[in-house]
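In: All I have is the shape, not the residue letters:
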């Protein structure tokens, strides 16, 4: 989608001294899945207050599918994560436009490098410690975030406030396809989507697959429909859950892609997952989430709730959490969550959904 939007409202526009009527904004958030979804809140908030502007988005190639044809994004610029020789093409595409504002909601050295290369009048990002790796050198406006640091999605709202907008949180827009025919055939009543995987990098944040299997057994015994989602390389994690009870349905994210997976989640009542991207995918499409957290700070990384929906975030309290470790030999913070606790949370969410109908 291309072209500038015009507005007939003659009232002064928010942030007009930085972002003129019909201006251009580049939002930079390269990864990861959850954080790209959080950045869509920034896009939605910007569009809500300034529908006249054009918004481009720079993202890694593996998340491009989430943003292509997005109704609030004019152009998607793709950072080729594994094809380093193609990076100059990304830079050329980025420099084809002159931006009034560049918002770096990522705040690391790699994103700051692109911010610096962009042809922009104003470059905005968080001051340290809201940004890392010296990224703040690339910004004209360094935004001091409150301490303790806010939720990752709220970083973008603070950057918007720094250019004269309200920065009010706004639900993200995510358009997803309808589930493939037959996905829910024979599954009556409430549907619970279980996602036992995480990336290999974050394997220590996983809740054990045998506990997902026991949860599936208990839910099926209460006639709750259960679907099990998995991405590339995660089939082995899903197998014991799929075999746990008759009627448990497989949802192969490798075949569906991210948007297809989200389309299935949208038609489910509850999503149960660890601290991983698909958890935030479920939250973004309006499912009620039961989040099985481990080392991360839930106030910064937990699933976002909009409207009347309230998620449940579970973890086992230990003296060392939250922490920022990349590995852990014994992550008791997530291993300490028992099946009965998760089952009770799922049943509460199902009851809340029924009461809201």
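Out: Received the coordinates, thanks. What you see is a predicted model; the values in this text were computed from it and never measured.

In: Could you pull out the strands in the stretch 51-200 of the chain for me?
Out: When secondary structure is read from DSSP state E, counting those that start in this stretch, the stretch 51-200 of the chain shows strands at 54-60, 75-79, 98-104, 119-126, 141-143, 191-195.

In: deepest of those, which one?
Out: strand 191-195 (a mean of 27; mean count of other Cβ atoms under 10 Å). From N, CA and C alone the C-beta is placed, and that goes for glycine too.

In: and the helix or strand of the chain with the lowest mean pLDDT, how far out from the chain's middle?
Out: Here the helix or strand of the chain ranked lowest by mean pLDDT, DSSP states H and E is helix 87-94, holding a mean of 83. With Cα atoms, centre = their mean, to the nearest Å as the basis, helix 87-94 stands 25 Å off its chain's centre.

In: what do you get for stretch 263-274?
Out: The answer for stretch 263-274 is 14 Å, by Cα atoms, centre = their mean.

In: try stretch 181-197
Out: That offset, for stretch 181-197, works out to 22 Å (Cα atoms, centre = their mean).

In: Flag every buried residue along that stretch.
Out: 183-184, 187, 190-197 (16 or more other Cβ atoms under 10 Å).

In: now do stretch 154-166
Out: 154-160, 162-165.

In: And the helices in this protein, which stretches?
Out: 33-49, 64-67, 87-94, 109-117, 152-161, 209-221, 235-242, 253-266, 277-284, 298-301, 332-335, 339-356 (DSSP state H).

In: For residue 309, list the residues it contacts.
Out: 286, 288 (Cβ atoms under 8 Å, 6 or more residues apart in numbering).

In: repeat that with 6 Å
Out: Residues near residue 309 by Cβ atoms under 6 Å, 6 or more residues apart in numbering: residue 288.

In: what about it, distance to residue 303?
Out: Residue 309 is 10 Å from residue 303, where distance means Cβ to Cβ, to the nearest Å.

In: cool, and residue 185?
Out: In terms of Cβ to Cβ, residue 185 sits 29 Å off from residue 303.

In: Can you redo the buried residues of stretch 181-197 as CSV, where the extra columns are pLDDT and distance to residue 285?
Out: Formatted as CSV, the buried residues of stretch 181-197 follow (pLDDT from 0 to 100; distance: Cβ to Cβ, whole Å):
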residue, pLDDT, distance to residue 285
183, 96, 15
184, 96, 15
187, 90, 18
190, 93, 16
191, 97, 13
192, 98, 15
193, 98, 11
194, 98, 16
195, 98, 13
196, 97, 19
197, 93, 18
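
In: with those residues in mind, which one is nearest to residue 327?
Out: residue 197 (17.3 Å; Cβ to Cβ).

In: could you dump the helices of the chain to a markdown table with distance to residue 313?
Out: Formatted as a markdown table, those follow (distance: least, Cβ to Cβ, whole Å):
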| stretch | distance to residue 313 |
| --- | --- |
| helix 33-49 | 14 |
| helix 64-67 | 23 |
| helix 87-94 | 36 |
| helix 109-117 | 27 |
| helix 152-161 | 15 |
| helix 209-221 | 16 |
| helix 235-242 | 21 |
| helix 253-266 | 17 |
| helix 277-284 | 10 |
| helix 298-301 | 5 |
| helix 332-335 | 12 |
| helix 339-356 | 9 |
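
In: out of those, deepest packed?
Out: Of the helices of the chain, helix 277-284 is the most buried (mean count of other Cβ under 10 Å), at a mean of 27.

In: just checking, what packs against that helix?
Out: With contacts taken as 3 or more Cβ pairs under 6 Å, 6 or more residues apart in numbering; DSSP states H and E, helix 277-284 sits against helix 33-49, strand 288-292.

In: so which of the ones you listed gets nearest residue 278?
Out: helix 33-49 (7.6 Å).

In: Now do that closest one against helix 152-161, angle only.
Out: 30 degrees (axes from the mean of the first three to the mean of the last three Cα atoms, to 10 degrees).

In: Helix 33-49 - what's its average pLDDT?
Out: For helix 33-49, mean pLDDT rounds to 97.

In: Please report how far residue 113 lies from residue 60.
Out: 14 Å.

In: Domain parsing of the protein, as residue ranges.
Out: 24-161, 191-356 (automatic domain parsing).

In: could the ones you listed go into JSON lines alongside distance to residue 13?
Out: Below are the domains of the chain laid out as JSON lines (distance: least, Cβ to Cβ, whole Å):
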{"stretch": "domain 24-161", "distance to residue 13": "6"}
{"stretch": "domain 191-356", "distance to residue 13": "25"}
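
In: Just give me the neighbour total for residue 308.
Out: For residue 308, the neighbour count with other Cβ atoms under 10 Å is 7.

In: got any ranges where the protein has weak pLDDT?
Out: 1-11, 83-87 (pLDDT under 70).
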